[in-house]
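[1] here are the coordinates; sequence isn't available:
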């Protein structure tokens, strides 16, 4: 499947990115208001990777994300309200408030988790792809990961196994230039931390503009087509930038102001608006989409705020498949 | 099938029975295919089930267990082999942080029905990196079921239960028991997880044992029987679920408890068993709870040194004599 540039579809992708952006801002504000505890790793700036990928996937494909994964959960169908409720320790949270910001999951939509141990989920995505092959389906699995994950062993083990077994899996790196607080280039031996490693595993790779939702959708579409037809895995390295720091406590003062300014000028929402304009979509239509997104977020904040707090009894459910936690007689 | 089967062949037989029954059971690991496994515990599987269901992997423990997890989350029942249990440390992230936590962290959205099989324990002179008994590592992680059979029939019956279990199971096969023989169980043999066995009934003292320490306890019991002492041996079979009801019932009969474990005393599973008996069975006891466990040193290579460190029949016999004299 190649992704046709369809204005209605692009407007929908823009609106979805606007919902994600608004939800991330709301999460930030709710944190400052003391309504979100722990930490958050906001994905504002990364929206095009999630939305572009999702647009190119089938509904039954699998997605595995990282602790910076709010955008992936929402792009695959988790609602802003259930995501915010999760962050706010509410009973209606997408994981019953048992996972929190770093573990948003929507298994019913094939979004099989957000993982907070860097790189751990790459083998899992390869395993899901293996499973699809064994079950005779046409599904692909996607692992999203940051540039920092490319220096951990699980990345390399997963790429090798996926290549040797020709698995239908896409490894999509969101290269936002910083491994937590450290420039990735200063701790990595190659220029493109994900894409340059692919050759070691005889795997095709592309470095793409991760802030252009159409570029992402087209690249993912090509890679998914290849995977489904037995052509094996692909590495995509999407260049992007986070608008916030690494996590809640990081003001990101290590980033040069000029760099930040440059990347804010390439904000995925601005890029999408420019694309829409080029395709003849009116400013009014874009403004209406923006307003709809703002309303969705406002409603989600209100819904999450008014939801019941998590039931303390839930601490003792869901350890085992029988729903309980008993470990002895 | 022969009436007698080795523990080693029981592993392959148990896997084959489950693979015949359920197409979604697949195996992966190093050298498990045509080579039949370095311990020959997967002999015959490759020829019967083919390369798609019996998959050789590179030396890549994180990928083996991580891929098993991904496959388990999406409709398969993988059985991953980690050759030596010492190597669990190479993929411990999956067993400590990923596999046991995802169901809980997602509020029950995902199910991870997988088995990680591994050859555990010492006594064969493999040195400190290939001889450890690490069942206590797995015991320390909420969300894992932990199984360690002591005889061939239990290997088959517990493997059936482990493969069919919708929870993740770490299945410890004891290296020192691979050559041991026992009764071959009939087709359909199934041993539920979390039910201890009375390996030998007795009335004077209870020995709680697991895997390799069951035959040690039985040998010590035989020695003491000649002196008129009647030892009851409880084979726990599993650490999680832990069948404390059977242990407490035995102690209520004997009033004395010795725990024999191959993992180190420090942090060993016997500490958990002892604490529960001390808490809930204090009034049943006529003597302190004693433990025979591995010494808190890395496993040495030479037989004469290794015997110093791990439990032996002589150590169990001596501990029982002291406990009975208390």
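    Okay, I see it. The structure displayed is predicted, hence computed values, not measured ones.
[2] look at residue 140 and report its pLDDT.
    Unless you meant another one, I'm taking chain A. Model confidence at residue A:140, given as pLDDT, is 98.
[3] correction: the question concerned chain B.
    pLDDT at residue B:140 comes out at 97.
[4] strands of the chain, residue ranges please.
    Because you didn't say which chain, this covers chain A. For chain A, strands defined by DSSP state E occupy the ranges A:62-66, A:111-115, A:141-146, A:169-175, A:178-179, A:182-183, A:205-209, A:234-239.
[5] wait, chain B
    Using DSSP E, strands in chain B cover B:4-6, B:25-29, B:54-56, B:77-84, B:115-120, B:145-147, B:169-174, B:181-183, B:197-200, B:205-209, B:231-235, B:238-240, B:257-264, B:290-294.
[6] please produce CSV containing those, extended by mean pLDDT.
    As requested, the strands of chain B are exported to CSV (pLDDT from 0 to 100):
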stretch, mean pLDDT
strand B:4-6, 98
strand B:25-29, 98
strand B:54-56, 98
strand B:77-84, 98
strand B:115-120, 98
strand B:145-147, 98
strand B:169-174, 98
strand B:181-183, 97
strand B:197-200, 98
strand B:205-209, 98
strand B:231-235, 98
strand B:238-240, 98
strand B:257-264, 98
strand B:290-294, 98
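[7] relative to chain A, which of those strands is closest?
    Taking CB to the nearest CB, strand B:238-240 is the member of the strands of chain B nearest to chain A, at 5.3 Å. For the C-beta atoms, the positions are set from N, CA and C on the backbone; glycine is no exception.
[8] what are the pairing partners of the closest one, and which direction each?
    Sheet neighbours of strand B:238-240, with direction, are listed as strand B:145-147 (antiparallel) (DSSP bridges).
[9] longest single helix anywhere in the chain?
    You didn't say which chain, so I picked chain A. helix A:7-32 (DSSP state H).
[10] looking at chain B here, not the other one
    Longest helix in chain B, counting by DSSP H: helix B:7-21.
[11] ok, that one near chain A or not?
    No: judged by CB under 8 Å from any CB of the partner chain, helix B:7-21 and chain A are separated, with a smallest distance of 12.6 Å.
[12] mind listing what's buried in that helix?
    B:7-19 (16 or more other CB atoms under 10 Å in any protein chain shown).
[13] and the lowest-mean-pLDDT helix or strand in chain B, what other elements does it pack with?
    Lowest by mean pLDDT, DSSP states H and E among the helices and strands of chain B is helix B:303-309, with a mean of 95. Using 3 or more CB pairs under 8 Å, 6 or more residues apart in numbering or on different chains; DSSP states H and E as the contact test, no helix or strand touches helix B:303-309.
[14] coming back round to it: for residue B:100, find the nearest of the strands of chain A.
    strand A:111-115 (13.6 Å; CB to CB).
[15] is chain B within reach of the closest one?
    Yes: interface with chain B: strand A:111-115 contributes A:112-113, A:115 (CB under 8 Å from any CB).
[16] most surrounded residue in those?
    residue A:113 (32 neighbours; other CB atoms under 10 Å in any protein chain shown).
[17] quick check, pLDDT for the nearest residue to that residue once chain neighbours are set aside.
    In space, and not counting its chain neighbours, residue A:113 is closest to residue A:105: 4.6 Å by CB to CB, 6 or more residues apart in numbering or on different chains. Model confidence at residue A:105, expressed as pLDDT, equals 98.
[18] ok, residue A:105 - contacts?
    Residues near residue A:105 by CB atoms under 8 Å, 6 or more residues apart in numbering or on different chains: A:73, A:94-95, A:99, A:111-114, B:102, B:105-106, B:109-110.
[19] at 10 Å what do you get?
    A:64-65, A:69, A:73, A:76, A:78, A:86, A:94-95, A:99, A:111-115, B:102, B:105-107, B:109-110 (CB atoms under 10 Å, 6 or more residues apart in numbering or on different chains).
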